[in-house]
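>>> Next come a sequence and a model predicted from it.
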Amino acid sequence: MRVTNSMISRNSVANMQNSLSRLAGTQEQLSTSRSMLRLSDKPENVSRLQAVKGSLSYLEQYKKNVDDGISYMELTDSSMQTLNNILEQAAEMAVQGANETYSSDDRKTLAEQIDKMIDEVLDLANSSLGGKYIYAGTDNITAAFKRDGDRIIYTGNFDGINREVLSGDSYRIDSPGVTTGYQIDVLNGTNMVDVTQRPNTLGNTGIFTLNYDGVNYSFDPQTTLDGVTPASLIDPATIDTTTVPGTLIVTGGDLVGLRIDVSGMIAGDEFKITINNKLGVFGHAEETAPGEYDVYNATTAATKDPADMGVFDMLFKFRDNLMNDDTAAIDASIDEINKANNQVLERRTGVGARYNHFEALQDQMNDIETKLTDNQDKLEGADMYKLSINYSEQQTTYQASLASSADIMKISLLNFLD
Amino acid sequence: MPGTFFGLEIGRRGLQTHQRALDVTSHNLTNSSTEGYTRQVAVFTQTDPYTSPELDSSVKKGQLGTGVTTSMISRIRDEYLDPQVRMATTDRYYWEDQIDIYGRLENCFAEPDSSGISDQLVNFFKNWMSLNNDPQDAGVKATVMETGVQLATQMTYAYSQMSYIQESIVTPGMLTDVESGQIKDQVERVNDLLTQIQNYTEAIIKIYDLGQQPNDLLDQRDLLLDELSQYGSLDVLYDTQNGTPTGEITMNFLGVNITTVPRDNKTFSLQINGASGNIELYEASLGLVVDLTAQMDNIDLGGSLLGLEKARQSIIGFKDTLDAIAVNLRDKIIEKNSEPPAAFIAEFFTGSLAGGDFRVNGQIVNNSSLIDGTKAGDIVNINDEEMDATRTYSLEECFGLLTTDIGAKAAGADGMAASLEAIQEQMYNLRESVAGVSVDEELTKMVQFQYGYQASSRVVTMMDELLDNLINRMAQ
């Protein structure tokens, strides 16, 4: 092929440009130690890199949430431990009080001690962590339990404190201070009643029963209620409805919608939905005014369902029994206080299990973090050894192209003509 | 029998011919760096031999040479290579202008190196998570609002940057007009090139008519044709008569036949189709010639006009995706926030990117306590949800897909342009190998012609001495 001077200079320029651009690219990666600096560098990895970076960032939050949950549960556990101790002490006092050798004055002294004990329990109910009252639901800025003579008033709510620990997977980290019953008015002329807004005592997992006049009624979990899909309505497929009508076991998620068969009822009838076997740490509360609940009220105590009686109920009852000098009732109080103690223990066990779970999560997250960081490094990190070798090779090429271009352009017949 | 002064005449012819050849060589040397220049050669031919019809002449007819002349100055060019070079140019420029566009598009996004919209989106949801942990905390609400504002600002910035690039390609004017933009500039250049090609052709035809070689005019016309092939597919037919070129050409540019004789004043213009929004190439007399938008993937037509439209359509797609992310996020938050207590506001974001008014609800900006913290958990879940029935991926994944697409298109255009440039470069070199000026070669010829000139002048001197002897010294 015939070669002309302009071909040589054109090719030289193109080759120099190519060498230099390769060299600059390698230098850029070397100096930043990253292989992805623009979207067009390895576009096939852009999406994955963003996903990994996002996961790492979320993981940071999840770790914080788990830490948060652990400190919450540590405080919950220690407050319940104190409560157990108090109740054990109360049980001992009940044994003493039941002793026939005690005089009524002695029992009155014991009763005063129990009254002080009720204040102590009240303080525990108002335990706080970082300015947040841990037994007050999410309305936790102010103390939720108040004592007004022989009445314990709860002003918190029944929403659980949840922490998301994995994408879409959140767990309750507090123990409910109190639970509440639930009443529905039957609408006239309809056999079904929709329940869409319920206090969160029913939220998450638990066993629910619907009882009216000693008869159990069936739940019918719905995916839609009146055509509206509540955002987090539980999928009936995940609900384990036991064969016993009126009992519903929810194993996961947050039950938001229920349809209850109320055929045979008349307008004005009231139902009660209760959590079957687990009271709140401090018992059960009934609404007396908007946002105000009675945990214990001396005037209504006599009509309270025994299943709903918690720590306060038992202690007040015990105190009254001591005041009344009723040894048979004091004797019964021993069992009642132990029952309350067991209820608290049950809650404590639940917290312990979740605590272990969260600790396991912590380890798991550290592990995931290491892997993700490794992954991120593989995706966007530069292979420095390879780059260094490439760099020196490209440098040699560039120098050679410069040297040869400079050389060939100087050679001409002109140099030899006179 | 030749005359007494015949030898002088041969010498004169030699001088003149070599001088002419030296002129051509000088022309070549001085144009060795001129773009599009084709080297020329002075073709030496013997002049007609002297004829002596006498019977007893010892010199037979045609035996006596009479010297040299330049029969023509020819242009050394392989015309079969031109269509190939032009085709390669058309292919290359389809991608070449896209590189620049995609390069600018990449710069609209901070990813993957530094923190951009994807990080901000993650932060946004993380702050909602924090709010879910402390639903009443005023400080966390303010942070959620701030991240929302930043996210909206970053998305708006990226969107408007993309719009700016889109408008630099085509800026719509009144109704169907294209007001300005790169495509319009190129169409105007095409019209300008066509006019110049016509003008050159007219001059070339005249010179051919005179029986001369319009070498330099042909070079300049070929250069214009090369440039024209950047903008779209171009075929050129060279008209000949009895095997010799007449100088006329017929061009086929983007499927439109353009003749030079009779002069064919084809003028192109752009219109935006009112219904489809497509960019259409019109010709004054033919009407719609090419629907650039519909034909943008037609590599056979190729050229930068289609390439630019292709890039523009990609930008429109990218903008739509980004807007879809914004609108989807806005609507999902409203959906999760449905029926908030009266003290709160359901609309966290308002407006859309396409409407140019995507931002955090002004009421929330003024008072972040209007955010309903109890909905935070549901809003965090948006992050894991599919966007809708057709987009079965999350918002973050959608943004990931968008950036991957931009990156892949940029890398693709870069790679295509590089390989097609290499092909074009090779074709160009092949042509240059025939037509280009080699300085050493010309210098060699220069020396050769110089000696030829010296020899011719020597002949004249020698004849002068002979005649001096004959006229002044003989028979004294």
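Sure, I can see it. Numbering: from 1, shown residues only, chains lettered A, B, ... in the order given.

>>> Tell me how many other residues surround the nearest residue to residue B:267 once chain neighbours are set aside.
In space, residue B:267 comes closest to residue B:284 once its chain neighbours are excluded; the distance is 4.7 Å by C-beta to C-beta, 6 or more residues apart in numbering or on different chains. (C-beta placed from N, C-alpha, C; glycine too.) Around residue B:284 sit 11 other residues, with neighbours defined as other C-beta atoms under 10 Å in any protein chain shown.

>>> tell me the contacts of residue B:284?
When the contact criterion is C-beta atoms under 8 Å, 6 or more residues apart in numbering or on different chains, the partners of residue B:284 are B:266-267, B:269.

>>> tell me which of the residues you listed is nearest to chain A?
residue B:266 (33.4 Å; C-beta to the nearest C-beta).

>>> show me where the stretch 251-400 of chain A has strands.
Along the stretch 251-400 of chain A, the segments classed as strands by DSSP state E, counting those that start in this stretch run A:258-261, A:272-275, A:284-289, A:292-297.

>>> Which element, helix or strand, includes residue B:199?
Element membership for residue B:199 (DSSP states H and E) is helix B:182-209.

>>> neighbours of residue A:21, just the number please.
Burial of residue A:21 is recorded as 11 neighbouring residues (other C-beta under 10 Å).

>>> and it, what element?
Going by DSSP H and E, residue A:21 is part of helix A:5-32.

>>> following that helix, which helix or strand shows up next?
Remark: after helix A:5-32, the chain's next helix or strand is helix A:43-98, criterion DSSP H and E.

>>> Ignoring the adjacent residues along the chain, who's closest to the residue in the stretch 201-350 of chain B positioned nearest to chain A?
Chain A sits closest to residue B:336 of the stretch 201-350 of chain B, with a gap of 6.3 Å, by C-beta to the nearest C-beta. Taking C-beta to C-beta, 6+ apart as the measure, residue B:336 lies nearest to residue B:378, with 4.1 Å between them; neighbours along the chain are not counted.

>>> rewinding a little: between the strands of the stretch 251-400 of chain A, which gets the lowest average pLDDT?
Here those differ in mean pLDDT, and the lowest is strand A:272-275 at a mean of 46.

>>> Distance from the lowest-mean-pLDDT helix or strand in chain B to the middle of the chain?
Within chain B, confidence by mean pLDDT, DSSP states H and E is lowest for helix B:376-382 among all helices and strands, at a mean of 86. Relative to the chain's own centre, helix B:376-382 is displaced by 50 Å; criterion: C-alpha atoms, centre = their mean, to the nearest Å.

>>> for the chain, which spans come out with low pLDDT?
As the question left the chain open, I've gone with chain A. Counting by pLDDT under 70, chain A shows low-confidence ranges at A:168, A:180-278.

>>> My question was about chain B, not that one.
Residues of chain B meeting the criterion pLDDT under 70: B:1-2, B:51-63, B:339-340, B:342, B:476.

>>> Who are the contact partners of residue 75?
Went with chain A since none was named. Listed by C-beta under 8 Å, 6+ apart, the contact partners of residue A:75 are A:127, A:129, A:134.

>>> Chain B is the one I meant
Applying C-beta under 8 Å, 6+ apart to residue B:75 gives the contacts B:38-40, B:213, B:215, B:218-219.

>>> Got the phi and psi for it?
Geometry field for residue B:75 lists phi and psi as phi -110, psi 120, criterion degrees, to the nearest 10.

>>> Leaving out chain neighbours, which residue sits closest to residue A:16?
Nearest non-adjacent residue to residue A:16, counting by C-beta to C-beta, 6+ apart: residue A:401, 5.6 Å away.

>>> now do residue A:42
Using C-beta to C-beta, 6+ apart and skipping residues adjacent in sequence, the residue nearest residue A:42 is residue A:36, 5.6 Å away.

>>> That neighbour and residue A:49 touch, don't they?
Yes - the criterion here is C-beta atoms under 8 Å, and residue A:36 meets it with residue A:49 at 6.4 Å.

>>> Would you mind listing the residues touching both of those two?
Both residue A:36 and residue A:49 are contacted by A:379-380, B:112, under the criterion C-beta under 8 Å, 6+ apart.

>>> Could you tell me which of the residues you listed are located in helices?
Among those, the subset assigned to helices under DSSP state H consists of A:379-380.

>>> Redo the shared contacts of residue A:36 and residue A:49 as CSV? Include neighbour count.
As requested, the shared contacts of residue A:36 and residue A:49 are exported to CSV (neighbours: other C-beta atoms under 10 Å in any protein chain shown):
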residue, neighbour count
A:379, 20
A:380, 23
B:112, 27
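
>>> Would you format the shared contacts of residue A:36 and residue A:49 as JSON lines with distance to residue B:26 included?
As requested, the shared contacts of residue A:36 and residue A:49 are arranged in JSON lines below (distance: C-beta to C-beta, whole Å):
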{"residue": "A:379", "distance to residue B:26": "62"}
{"residue": "A:380", "distance to residue B:26": "60"}
{"residue": "B:112", "distance to residue B:26": "58"}
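
>>> coming back round to it: kindly indicate which of the contacts of residue A:75 lies nearest residue A:311.
Lowest distance from residue A:311 to the contacts of residue A:75 (C-beta to C-beta) belongs to residue A:127, with 13.9 Å.

>>> Might you report the residue contacts of the nearest residue in space to that closest one that is not next to it in sequence?
Taking C-beta to C-beta, 6+ apart as the measure, residue A:127 lies nearest to residue A:79, with 4.5 Å between them; neighbours along the chain are not counted. Neighbour list for residue A:79: A:124, A:127, A:134 [criterion: C-beta under 8 Å, 6+ apart].

>>> in what helix or strand does residue B:388 lie?
When the helices and strands are read off by DSSP H and E, none of them contains residue B:388.

>>> can I assume it is in contact with residue B:328?
Yes - under the contact definition of C-beta under 8 Å, residue B:388 touches residue B:328, with a separation of 7.0 Å.

>>> who has more neighbours, the two?
The residue with more neighbours, out of residue B:388 and residue B:328 and counting by other C-beta under 10 Å, is residue B:328; that gives 18 against 11.

>>> where does that one fall, helix, sheet strand or coil?
helix (DSSP: H, G, I helix; E, B strand; the rest coil).

>>> if I look at it, how far off is residue B:322?
11 Å (C-beta to C-beta, to the nearest Å).

>>> and what of residue A:286?
Where residue B:322 is concerned, residue A:286 sits at a distance of 53 Å (C-beta to C-beta).

>>> between the two, which one's more packed in?
For residue A:286 against residue B:322, the residue with the higher neighbour count under other C-beta under 10 Å is residue B:322, and the figures read 24 against 16.

>>> Excluding chain neighbours, what is closest to that one?
Closest residue to residue B:322 apart from its sequence neighbours, by C-beta to C-beta, 6+ apart: residue B:159 at 5.5 Å.

>>> quick one: that neighbour from chain A, how far?
In this view, residue B:159 and chain A are 16 Å apart by C-beta to the nearest C-beta, to the nearest Å.

>>> hang on, the earlier thing: ok, so of the shared contacts of residue A:36 and residue A:49, who is nearest residue B:171?
Among those, residue B:112 lies closest to residue B:171 (C-beta to C-beta), at 31.2 Å.

>>> Kindly confirm whether my reading is correct that the closest one touches residue A:50.
Yes - A contact is recorded between residue B:112 and residue A:50 when judged using C-beta under 8 Å, the distance being 7.0 Å.

>>> shared neighbours of the two, anything?
residue B:403.

>>> Chain A contacts on the stretch 251-400 of chain B?
Within the stretch 251-400 of chain B, the positions lying close to chain A (C-beta under 8 Å from any C-beta of the partner chain) are B:335-336, B:338, B:374, B:377-378, B:380-381, B:383-384, B:396-397, B:399-400.

>>> possible to save those as CSV with distance to residue B:358?
Formatted as CSV, the entries for these read as follows, by distance: C-beta to C-beta, whole Å:
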residue, distance to residue B:358
B:335, 17
B:336, 18
B:338, 21
B:374, 26
B:377, 25
B:378, 22
B:380, 21
B:381, 22
B:383, 19
B:384, 23
B:396, 18
B:397, 20
B:399, 15
B:400, 20
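
>>> What residue in the stretch 251-400 of chain B comes nearest to chain A?
Of all residues in the stretch 251-400 of chain B, the one sitting closest to chain A is residue B:400 (3.6 Å; C-beta to the nearest C-beta).

>>> That concludes my questions; thank you for your assistance.
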